[in-house]
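From the sequence below, what's the structure:
(one chain, ligands or ions: 1)
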Amino acid sequence: MSNQTLSSAALFLVATPIGNLGDISSRALQTLQSVDLIAAEDTRHSKRLLQHFAIDTRLIAYHEHNEDQQTPQLIARLQRGRSVALISDAGTPLVSDPGYRLVQAALQQQIRVVPVPGPCAAIAALSVSGLPSDRFVFEGFPPAKQGTRVNYLQTLQSEQRTLIFYVSCHRITDTMIDMRDVLGGQRQAVLARELTKTYETIRKATLDELVAWVIDDSDQQKGEMVLLIEGVRERGNGAQLLLESLLPVLVDELPVKQAATIASKVTGLNKNELYKRALALKENTK
Ligand code: SAM
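As a prediction, this is how the structure comes out:
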């Protein structure tokens, strides 16, 4: 096997549009045109995409029901020097889509894995949400069964990062009601529906308002959607909170220096700073 052939062997992870075909990148088109094989989640769906761009690369199916048998076959092709592109029905492969096993197996075999980045519904929704985007957590699809879903949401109650969910339109109302009940109706949330498509709708409101709106307007229960919820607001540093209740009690009962020493030991805060605050408290209560 020549070096040239070896270097062309790679698994390309190619992002495709989430609705608007204009969002495909020129690098994605170039890759899909030049690889030996495209592994697609749904070949009928992807055939339409490829036909639109006049790409006639061979397509094979790669989805959750055949990945066990397809993964070793694709790896064998890659090891023979072939190049393969993986695409899903929409957006970035592996983001709530198949591909994890293939990437893992390719890396284990030291096969080059190359990203061809592009659309992703979660990131597109986050970028327009107006919710904090410096730290966020992608949760994928919440559980379908209500009991399991409520337990799962309880584990997210104290999450401070912006939460991003994919939600099926069939479950949007029930899921949002559970989110409101478990996470609190006053949190800011964003429903981003049909992004990049004709009926694109992005609405930001409290969870209370958003639930009422979705229940009221059945159009909001249709299509593809991303739901984002602000993380729980930081209630202040735990040590500071403790200090606020502790220091006045200590100052009432003890000399300032001793109050500051104990408060510093309990909270871990700086003793000199606490001494100054304790002194100020003592002055104020004279
Ligand atoms: N891999 C895709 C990506 O990168 O976004 C996601 C695939 S996941 C199976 C499909 C889910 O993504 C949909 O149920 C919906 O929650 C979200 N989604 C996909 N396209 C969307 C769009 N145009 N607008 C809003 N949400 C979308």
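
In the chain, what residue lies closest to the ligand?
Nearest residue of the chain to the ligand, counting by C-beta to the nearest ligand atom: G91, 2.4 Å away. The C-beta positions use only the backbone N, C-alpha and C, and glycine is treated the same way.

And the strands in this protein?
10-14, 37-40, 59-61, 84-87, 112-116, 136-140, 162-167, 188-193, 201-206, 225-229 (DSSP state E).

Okay, angle between the fifth one and strand 10-14 too, please.
Okay, so that is strand 112-116. 20 degrees (axes from the mean of the first three to the mean of the last three C-alpha atoms, to 10 degrees).

Measure how far strand 112-116 is from the centre of its chain, please.
Centre-to-centre, strand 112-116 and its host chain are 21 Å apart (C-alpha atoms, centre = their mean, to the nearest Å).

do the last one as well
Between the centre of strand 225-229 and the centre of its chain there are 10 Å (C-alpha atoms, centre = their mean).

need the residues of this structure near the ligand, please.
Neighbours of the ligand within the chain, by C-beta under 6 Å from any ligand atom: 18-19, 88, 90-92, 95-97, 120-122, 166-168, 192-197, 224-226.

Just the buried ones from those residues?
Buried members of the residues of the chain next to the ligand, counted by 16 or more other C-beta atoms under 10 Å: 18-19, 88, 90-92, 95, 97, 120-122, 166-167, 192-196, 224-226.

Centre-most residue in this structure?
A centroid search over the chain (C-alpha atoms, centre = their mean) returns F138, at 1.9 Å, as the residue closest to the centre.

now that one: how far from S96?
9 Å (C-beta to C-beta, to the nearest Å).

same thing with L50?
In terms of C-beta to C-beta, L50 sits 22 Å off from S96.

same check, this time on G118
G118 is 16 Å from S96, by C-beta to C-beta.

Please apply the same query to E273.
The value you get for E273 to S96, if C-beta to C-beta is used, is 48 Å.

one step back: give me the subset of the residues of the chain next to the ligand lying in helices.
Among the residues of the chain next to the ligand, DSSP state H puts A121, A122 in helices.

re earlier: mind putting the strands of the chain in CSV, mean pLDDT included?
Below are these laid out as CSV (pLDDT from 0 to 100):
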stretch, mean pLDDT
strand 10-14, 98
strand 37-40, 98
strand 59-61, 98
strand 84-87, 98
strand 112-116, 98
strand 136-140, 98
strand 162-167, 98
strand 188-193, 98
strand 201-206, 98
strand 225-229, 98
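
on that earlier part again, surely the residue nearest to the centre of the chain is in contact with A121?
No - if you go by C-beta atoms under 8 Å, F138 and A121 don't touch, sitting 10.3 Å apart.

can you redo the strands of the chain as a markdown table with distance to A239?
As requested, the strands of the chain are exported to a markdown table (distance: least, C-beta to C-beta, whole Å):
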| stretch | distance to A239 |
| --- | --- |
| strand 10-14 | 44 |
| strand 37-40 | 52 |
| strand 59-61 | 56 |
| strand 84-87 | 48 |
| strand 112-116 | 42 |
| strand 136-140 | 25 |
| strand 162-167 | 25 |
| strand 188-193 | 27 |
| strand 201-206 | 30 |
| strand 225-229 | 27 |
